[in-house]
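Trainee: sequence unknown, structure follows:
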């Protein structure tokens, strides 16, 4: 969510960020009801109306005919279809999605959106975007790569000293909000302007002093807004 | 067929070789009847009993549940299932086949065989063989690569002469039936034994003399038998 | 020929398209006469004057010296030299051609053209074009790749239905003659303008009605002209 | 530790497994004392004698000369040298280690062992093993790859049913302790012998029943012993 | 030197080109004196003042601390540091150089330059240039690749003739000093203008006539100047 | 020659090693005489009979017909044909050689050998060996790769010391003549037996003492014999 997603699915995670969790019917409901359409109808009867109806169509049947069935039976109140197609059936996922889109449009359901999920990463999104309206991403978002770091002595009683392989002395890390470049300089160095003319800001600021937080933590919404603003500075 | 296949599907081709054509229910029948089970039942009612019943299960539904449905409804008289899975659904065809095999076995249909078809070639067969009992091959068998050849003068009035890049003089092409090696030698050269000890036979023999066939053509069965016997000499 | 070639060599093919066949001296003539120059002279004596004289220079001798010999002996009436260099001598065919071109120019035969033939494809043409004036292409033109296609039911009694992996419903295939893009839409869809502004034309038109041709077949010349006009729309 | 390491360095981790933590002098001590030899001497004076003395020799100086210095000054009581060489100096780490080994041997310190650490993984160990006596591994051990898994319904009221892409029905997972192969079969299937003749054991056994642990957890030592016994079954 | 280097290190080579040889302290001096600082001081006492003082800092110690030591002890009269870092320590040479540069700058020695040497080639220079001020290059400059050439007869008594594979006839080799393209034409061909408009010059000019040099040889400085002028015509 | 060749072609080189130079007719002679056969006849008339007659057949004509011509005209006294085929004609050199061999054998000249030359290296020899009897090798033999080496101080007044990256101390380099392994050990180390049981010999032996050679230099024949004996220890 703080990385820019529109919502989270886990109840616990949603509580954590103070947002409503959002999601779609799970496979379990479809399996228990014994049919996708029964599951969608049951969901529609029970769940309050402000929740958008999204039918999960990959449990029993091929996506093409299940999409047609679901659209013809419950298409009136459906917001979207979700395809969580298993890997063994994803020969050409884009082609499956084009086929579903074609069959829906042909029958007048051009307004039903397509959501996809299941082991997708950033490359899939670029490829599927022409026909897909929304993505449910799990593993590739939740599991970041480990950042290897070490705590090193860089100064002893104001004298810069560090082991081989490390820059010695206390440092400032400066970022230019204009050209988005970072720069590391000795702590004592006065530097307030980037070579591009931007005003540099210090990235290393004390969060805790004498055991007390001295800086207000940004809310989840603020972090998310900050990430989304920065994203606009990078070309796709 | 002459390359070693067990049968042919096209009526015309079967006539040509004097064999019974064999095949399975087409997609057209399943589409016209509106359901795989109806199509299999209709086929079973009408077709004479010596034809093995093979259900085509990829038309409407995912292979897994269609296999279960078909087995539970008409499994008693079924010989095999055929999966003509479209390329866009072939994410991991072996995995789909293992899944179908598992579900059949779990319900006591271990004796129903699995046939596959659709754009398969020799590499697919090697990979799928552990779970597949039969293959329907079209394109990769029917469309051989072009063999580039040229008719060249190699001798003029008994004097060997040929353009640059060609061996001059009339030749014998000899094959050793024992070690299956070919050898090209001048026509005049006496040579009857291979270095392996086998007795060499001439491959170039006159088929037509004075406008009349002088050698009986082998039947389709004989060609096929010859190919199958030779195949055993090559390791897989 | 219908793909844009300037002529065909086989008498039968030429009859078929109602054009004069064209070609050059074959290796057989050179071999029978025993020398390239004798063959060219004999050809020159017998063949009517409107046929351009092209000497085939790769039969006996290396291209370089044979080109010099032929030019010096019969260069006056020669239109071109043809190099059908065998693969085993084609270490660097471009280099051989540059060498022949150099030797001809050096001796004042800059107007004699160079034709090449023998297992050439489209990549060779791009590479050799700076020194070559004409090409004789056989195998790579006459043997097109197989186009895999299937006849599928897409509609039953006006209801769109098609097997998994196929778009259902009757369709129009539209081409924009301006931007040369194709577009497939449902049969019922009205669409007459391309997004580029061009007027779309239907590619699927009935050729046969009630067993009778209802559309005049274009002549070979018309097909060829159509191909050549389209070729200009694609960058090399 | 449970994966087969000989010890752990973090006090907390050692408590957890009920072992003595073990480790070497840190860079911090060498930096604070201002010299490797001073740090080793201070350590030797203060630390109880049963702890083996290991000198960390990469803080200030090149490994070669620091190894010679340390060996000549405090070699009498040293058990090993540790090289935590920074990545920017690891042009050819094996060559550096051979050089250190050579210089130690040349001066009669063949019995001082060599320990290495710093971003090493299993491939490094294979390569460095001829000259290295011990390894300190952090990141590549502590940070396992994420195992993607999902909880799926495979049976509803004793009827096997699972979504597309999943094998349905309850299952047994069997392992053969003899040939170390795993096998998944339906729950009801009786199977007690592996095809190799070994006696199969069930891997899925209930750990918790009615909210109570019903199986004793193995101690850390037992897990470690189990891993080490299994390791012997795999070739290096 | 004639390829554009600023100087040569070998006394003999310098004599040959009439330049002063230049170089830095060798490892032998540092090893004999037993310390880099002693070696630099001794050099400073003895060598005449117009020679720039360059300290070789990779003999005994890691470059980082040796750079700090040398700068603090003799930095006042130092012109540059030289890093001849052995391959086994060059894990990331750019990173080592950045570290040395950082430590020097932090202590106020920003004016001390960095020289590097040891198995460097043109690719290294491109990568290291942001932090390096000078290079000592040996092997990759002194050992050019062999140029394969042959002496061939191309003309006999004014008649152009050459073996297969060679262009016959005497030739002019022309270069356009404007667009730097070369062109080979028959000797008799008049050609004075390049297609770019530049005035062509003959590259083949007689150096020796009747056993006497007829063209003044350019001095080493002139060759070097010529190379440097041409270099400016090629993009990096 | 000292690397194992059977002879040398340059007069100066042959003098140097005290052997007779050997070689074949050059292209120059063929070009001057105007025909290969004339050149071979002239050579045969003039040169003393103990020199084997080798015809160079690639000057004017394609190898195939020139081989036939030469064999038919002067085959009686010919020892071998030499093909110095230019790179631009070497499309498939092995195929050209097989063709020449075929044409010679067909006409009863099986005893005429085939020599090849022109830019060949060790890989070509492996491929061409089935049809070729001898090789003329120039560039790839005469131009060895540069061996990078440095003179380093490793000991000062009996104390081992060497710069970083070098093993210190004087050393012995030992070779085992039995298993052909080399081993470097400190000078003082007694070692006379290889681990394979062979008796080690010192490779570093004084050649010059007090300005006088103290070891007899092996003759060229002895060096060659030594190389050929060692070659047998390495698999092809």
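Mentor: Yep, that arrived. This structure is a prediction, so every number in the text was calculated from the model and none was measured.
Trainee: Show me what the lowest-mean-pLDDT helix or strand in chain A is packed up against.
Mentor: Least confident helix or strand, chain A: helix A:139-142 with a mean of 72, by mean pLDDT, DSSP states H and E. With contacts defined as 3 or more CB pairs under 8 Å, 6 or more residues apart in numbering or on different chains; DSSP states H and E, helix A:139-142 has no helix or strand neighbours. Any C-beta I mention is one placed from the backbone N, CA and C, and that applies to glycine too.
Trainee: in it, what counts as buried?
Mentor: residue A:141 (16 or more other CB atoms under 10 Å in any protein chain shown).
Trainee: and for whichever helix or strand comes after that helix, what are the contacting residues?
Mentor: Next in sequence after helix A:139-142, counting helices and strands by DSSP states H and E, comes strand A:155-156. For strand A:155-156, contacts defined as CB atoms under 8 Å, 6 or more residues apart in numbering or on different chains pick out A:161-162, A:168-170, D:31-32.
Trainee: average pLDDT across the very next helix or strand once past strand A:155-156?
Mentor: Sequence order places strand A:159-160 as the next helix or strand after strand A:155-156, per DSSP H and E. Mean pLDDT, computed over strand A:159-160, is 93.
Trainee: How about stretch A:98-107?
Mentor: 95.
Trainee: Which residue ranges of chain A form strands?
Mentor: Secondary structure of chain A (DSSP state E): strands at A:54-56, A:80-83, A:113-117, A:134-136, A:155-156, A:159-160, A:171-175, A:182-186, A:201-202, A:208-209, A:212-213.
Trainee: Using CSV, please lay out those together with mean neighbour count.
Mentor: Converted to CSV, the strands of chain A look like this (neighbours: other CB atoms under 10 Å in any protein chain shown):
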stretch, mean neighbour count
strand A:54-56, 25
strand A:80-83, 22
strand A:113-117, 20
strand A:134-136, 17
strand A:155-156, 14
strand A:159-160, 14
strand A:171-175, 17
strand A:182-186, 14
strand A:201-202, 11
strand A:208-209, 9
strand A:212-213, 8
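Trainee: any idea of the pLDDT on residue A:145?
Mentor: pLDDT, residue A:145: 65.
Trainee: for residue A:189, same thing?
Mentor: Taking residue A:189 on its own, its pLDDT is 88.
Trainee: Could you check how far the closest residue to it other than its chain neighbours is from residue A:185?
Mentor: Excluding the flanking residues, the one nearest residue A:189 by CB to CB, 6 or more residues apart in numbering or on different chains is residue A:172, at 7.0 Å. Going from residue A:172 to residue A:185 by CB to CB, to the nearest Å gives 5 Å.
Trainee: Find the residues that touch each one of those two.
Mentor: Here residue A:172 and residue A:185 share the contacting residues residue A:191, scored by CB under 8 Å, 6+ apart.
Trainee: Tally up the residues packed near residue A:151, please.
Mentor: The tally of other residues near residue A:151 (other CB atoms under 10 Å in any protein chain shown) stands at 6.
Trainee: whoops, residue A:119 was the one
Mentor: Residue A:119 has 15 nearby residues by other CB under 10 Å.
Trainee: Hmm, residue A:139 and it touching each other?
Mentor: Yes: here residue A:119 reaches residue A:139: they are 6.6 Å apart, a contact under CB atoms under 8 Å.
Trainee: who in chain A is up against chain B?
Mentor: Residues of chain A lying near chain B by CB under 8 Å from any CB of the partner chain: A:60-62, A:65, A:86-93, A:95-96, A:99.
Trainee: Using CSV, lay out the contacts of strand A:155-156 together with neighbour count and distance to chain E.
Mentor: Below are the contacts of strand A:155-156 laid out as CSV (neighbours: other CB atoms under 10 Å in any protein chain shown; distance: CB to the nearest CB, whole Å):
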residue, neighbour count, distance to chain E
A:161, 20, 9
A:162, 21, 9
A:168, 25, 6
A:169, 19, 5
A:170, 12, 10
D:31, 21, 12
D:32, 15, 16
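Trainee: Mind checking which of those are in helices?
Mentor: The helices, defined by DSSP state H, take in D:31-32 from the contacts of strand A:155-156.
Trainee: Which of the residues of chain A next to chain B sits closest to chain D?
Mentor: Nearest to chain D among the residues of chain A next to chain B: residue A:86, at 2.6 Å, using CB to the nearest CB.
Trainee: quick one, what contacts that closest one?
Mentor: Here residue A:86 is in contact with A:58, A:118, B:91, D:163-166 (CB under 8 Å, 6+ apart).
Trainee: per-residue pLDDT, the nearest residue to residue A:165 once chain neighbours are set aside?
Mentor: Closest residue to residue A:165 apart from its sequence neighbours, by CB to CB, 6+ apart: residue D:86 at 2.6 Å. The model reports residue D:86 with a pLDDT of 92.
Trainee: Could you check how far residue D:86 is from residue D:71?
Mentor: 22 Å.
Trainee: cool, and residue A:25?
Mentor: According to CB to CB, residue A:25 stands 70 Å off from residue D:71.
Trainee: Same question for residue A:100.
Mentor: 73 Å.
Trainee: average pLDDT across stretch A:170-181?
Mentor: Here the average pLDDT along stretch A:170-181 is 90.
Trainee: do stretch A:9-22 as well
Mentor: Stretch A:9-22 comes out at a mean pLDDT of 81.
Trainee: Does it reach chain D?
Mentor: No: on the criterion CB under 8 Å from any CB, stretch A:9-22 is out of touch with chain D, staying 13.6 Å away.
Trainee: Distance from that stretch to the middle of the chain?
Mentor: Offset of stretch A:9-22 from its chain centre (CA atoms, centre = their mean, to the nearest Å): 14 Å.
Trainee: quick revisit: who's more crowded, residue A:100 and residue D:71?
Mentor: Neighbour tally, residue A:100 and residue D:71, criterion other CB under 10 Å: the higher count belongs to residue A:100, 24 against 21.
Trainee: re the thing from before, the residue nearest to residue A:165 and residue D:100, how far apart?
Mentor: From residue D:86 to residue D:100 the distance is 16 Å (CB to CB).
Trainee: can you check residue A:176 too?
Mentor: With CB to CB as the criterion, residue A:176 and residue D:100 are 45 Å apart.
Trainee: my guess is residue A:117 meets residue A:137, correct?
Mentor: Yes: Residue A:117 sits in contact with residue A:137 when judged by CB under 8 Å, with a separation of 7.4 Å.
Trainee: all helices for chain A, in order.
Mentor: Counting by DSSP H, the helices of chain A are A:11-17, A:27-33, A:36-46, A:63-74, A:93-106, A:122-128, A:139-142, A:220-231.
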